[in-house]
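[1] just coords:
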């Protein structure tokens, strides 16, 4: 447990600090956030054509309401936490790679739901939007990370039995 | 008597069901734990850069830090800088922690101890929100007056990001895992009971 925790903290802080550097922001974070905005708009247009994406901004062409996907809302921090937890936990590398890829899909899928829900909540009621944005969705995304990690550790091969 | 570990499905359902009451309990008690977290944040700021904060006030749920720094809102006018911090941004994890712990029917003393253990991390967020305002957002005049230059600004930026983006939602899970190692160990042994 101690080994896991120390490794987890080291990997987490390293990845998070790297994420904040300008090269990683330019090469990964901003393109990813733009892609997230486009995917969200692509899904929204399946049932509502009055939406457009400009970079990391979603715009309602009906009423001019906009949301900008910022740090903390692009799912990258949640992904970093999940990656750190999977790398720190003792597991075969094959399971780690599969777990990280599947986990990132699960986290980002829920994050798209977050972005779309916030886009409509903001047009409906700003107080509800702020509550959902600042508090509720933060907890739900982390719960998603925890669930993915718990499911992943259940798929790991059983630990070797102690020799008597 | 030991509390039994529920299946993962029951745990997830329980967490969802306990989230609304958790958020209600957190919000309606926010005035009190924000005061404690704010007091700890003031101590942390004093360690990082002594002498910046002279008093801490609370207006409803908002923490107001009375600083020794001055600003000039208009020519000939001088005012003390009173940065405000919304503590809810850093304490909402308490609601999440309640939900996680109640979903596994944790003992009440564990919930209370965990809530107390969250306070230093909440105060981290509050302290570095204040320092980010003083050291970065309010401009070079204020940061120079506060003596927050060079490496201190870089440290503030990193610690602020960690305190706002990582710690509020992660620490409840960390403490939940610490209090429920048996649940996690049972998950490793029961791949069929998802």
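    It's in. Owing to the predicted nature of the structure, the values given are computational and were not obtained by experimental measurement.
[2] State the phi and psi torsions of the nearest residue to residue B:171 once chain neighbours are set aside.
    Leaving aside its chain neighbours, residue B:171 sits nearest to residue B:121 (4.6 Å; criterion: CB to CB, 6 or more residues apart in numbering or on different chains). Heads up, the C-betas are built off the backbone N, CA and C, glycines and all. Main-chain dihedrals, residue B:121, degrees, to the nearest 10: phi -80, psi -30.
[3] Hmm, residue B:121 is touching residue B:166, no?
    No - using CB atoms under 8 Å, residue B:121 is not in contact with residue B:166; the gap is 9.6 Å.
[4] dump the residue contacts of residue B:53.
    Contacts for residue B:53 (CB atoms under 8 Å, 6 or more residues apart in numbering or on different chains) come out as B:42, B:45-46, B:65-68, B:130.
[5] quick one: the helix or strand that residue A:42 is a member of near chain B?
    Under the criterion of DSSP states H and E, residue A:42 resides in helix A:30-44. No - judged by CB under 8 Å from any CB of the partner chain, helix A:30-44 stays clear of chain B, getting no closer than 13.9 Å.
[6] Tell me which other helices or strands the helix or strand just after that helix touches.
    Toward the C-terminus, helix A:30-44 is succeeded by strand A:51-54 as the next helix or strand (DSSP H and E). Here strand A:51-54 touches helix A:30-44, strand A:57-60, going by 3 or more CB pairs under 8 Å, 6 or more residues apart in numbering or on different chains; DSSP states H and E.
[7] which one of these has the most crowded surroundings?
    Among the helices and strands packed on strand A:51-54, the stretch with the highest mean neighbour count (mean count of other CB atoms under 10 Å in any protein chain shown) is strand A:57-60, at a mean of 19.
[8] Each with direction, which strands does that one pair with?
    Applying DSSP bridges, strand A:57-60 is found paired with strand A:51-54 (antiparallel), strand A:66-68 (antiparallel).
[9] sorry, back to before: include distance to residue B:185 and mean pLDDT when you put the helices and strands packed on strand A:51-54 into CSV, please.
    Listed next are those as CSV, based on distance: least, CB to CB, whole Å; pLDDT from 0 to 100:
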stretch, distance to residue B:185, mean pLDDT
helix A:30-44, 35, 93
strand A:57-60, 43, 92
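[10] Show me which residues of chain B are close to chain A?
    Checking chain B against chain A by CB under 8 Å from any CB, the hits are B:8, B:12, B:15, B:19, B:23, B:88-89, B:92-93, B:95-96, B:99-100, B:157-158, B:161-162, B:164-166, B:168-170, B:172-173, B:181, B:184, B:187-191, B:194.
[11] switch to 6 Å and redo it
    Contact residues, chain B versus chain A (CB under 6 Å from any CB of the partner chain): B:8, B:12, B:92, B:96, B:165, B:169-170, B:173, B:187-188, B:191.
[12] and of those residues, the nearest to residue A:81?
    residue B:170 (6.0 Å; CB to CB).
[13] Neighbours of the closest one, how many?
    When neighbours are counted by other CB atoms under 10 Å in any protein chain shown, residue B:170 registers 24.
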